[in-house]
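**Student:** Provided below are the primary sequence and the corresponding predicted coordinates.
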Amino acid sequence: MENDDLNEAMTEAVAVPQRDRAERFYDRIRGSIAKYMKKKGGKVEKSAEYMLLVPDVFNLLWRLANDARVSSKNKVLLGSGIAYYVFPLDFMPDVVPGIGFLDDLVFAVYVLNKMLADTEADVLREHWAGEEDVLTMIRRVIGAADTLVSKDFLGYVKKMVKR
């Protein structure tokens, strides 16, 4: 099997949620984080700015996974990022609203950073709905990753995305 065939098969194997399911998931994450932050107030000040990125980064993953300009190889990466968001059992379970999504954010940002090796930054910018530049956000989250997640998880992410 040639590389293109393998990439295509892998892309099909990683199911990207349909638009309505992705939007409902986005809304559910956003609502969960907002409720958590309102309840905790200033106690989550340090991680609040990162928690607010969680739904927007999910939305970016989903939009990029559906963009024809993104290679099959990168769609597999994006699919793994989407799967990590929606799969409830991960390093920091999502049962703790907000905080439990920080590992999802870190994993997704490392996926996005890896994509930049062969995807134009403007493609990411086109799909980004956040306030700051998407590249600035990626660098900021990567720079703070060791304070957002455990060193074990961070090592796992770096190893997984490096492949």
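**Tutor:** Good, I have the coordinates. Numbering: from 1, shown residues only.

**Student:** Which of the three states applies to the residue most central in space within the chain?
**Tutor:** Taking Cα atoms, centre = their mean, the centroid of the chain lies closest to Ala108, which sits 2.8 Å from it. State at Ala108, reduced to three classes by DSSP: H, G, I helix; E, B strand; the rest coil: helix.

**Student:** roughly how far apart are the nearest residue to it once chain neighbours are set aside and Lys35?
**Tutor:** Among residues not flanking Ala108 along the chain, Gly81 sits closest, at 4.4 Å (Cβ to Cβ, 6 or more residues apart in numbering). Backbone N, C-alpha and C define where each C-beta goes, glycine included. Gly81 sits 24 Å away from Lys35, taking Cβ to Cβ, to the nearest Å as the criterion.

**Student:** who has more neighbours, these two?
**Tutor:** Between Gly81 and Lys35, counting by other Cβ atoms under 10 Å, Gly81 is the more crowded of the two (28 against 12).

**Student:** for the helix or strand where that one lies, packing partners?
**Tutor:** Assigned by DSSP states H and E, Gly81 falls within helix 72-86. For helix 72-86, the elements it packs on are helix 3-13, helix 19-40, helix 54-65, helix 102-115, judged by 3 or more Cβ pairs under 8 Å, 6 or more residues apart in numbering; DSSP states H and E.

**Student:** Quick check: the residue nearest to the centre of the chain touching Ser80?
**Tutor:** No. Ala108 is beyond contact range of Ser80, at 9.4 Å (criterion: Cβ atoms under 8 Å).

**Student:** Model confidence at the residue nearest to the centre of the chain, what's the number?
**Tutor:** pLDDT recorded at Ala108 is 96.

**Student:** Contact partners for it?
**Tutor:** Ala108 sits next to Val57, Phe58, Leu60, Leu61, Gly81, Tyr84, Tyr85 when contact means Cβ atoms under 8 Å, 6 or more residues apart in numbering.

**Student:** If you average pLDDT over each of the helices and strands packed on helix 72-86, which is lowest?
**Tutor:** Among the helices and strands packed on helix 72-86, helix 3-13 scores lowest, at a mean of 43.

**Student:** For stretch 65-75, buried residues please.
**Tutor:** Buried residues in stretch 65-75, counted by 16 or more other Cβ atoms under 10 Å: Ala65, Asp67, Val70, Ser72, Lys73, Asn74, Lys75.

**Student:** Make sure the third one is actually in contact with Leu124.
**Tutor:** By that I understand Val70. No. Using Cβ under 8 Å, Val70 is not in contact with Leu124; the gap is 9.6 Å.
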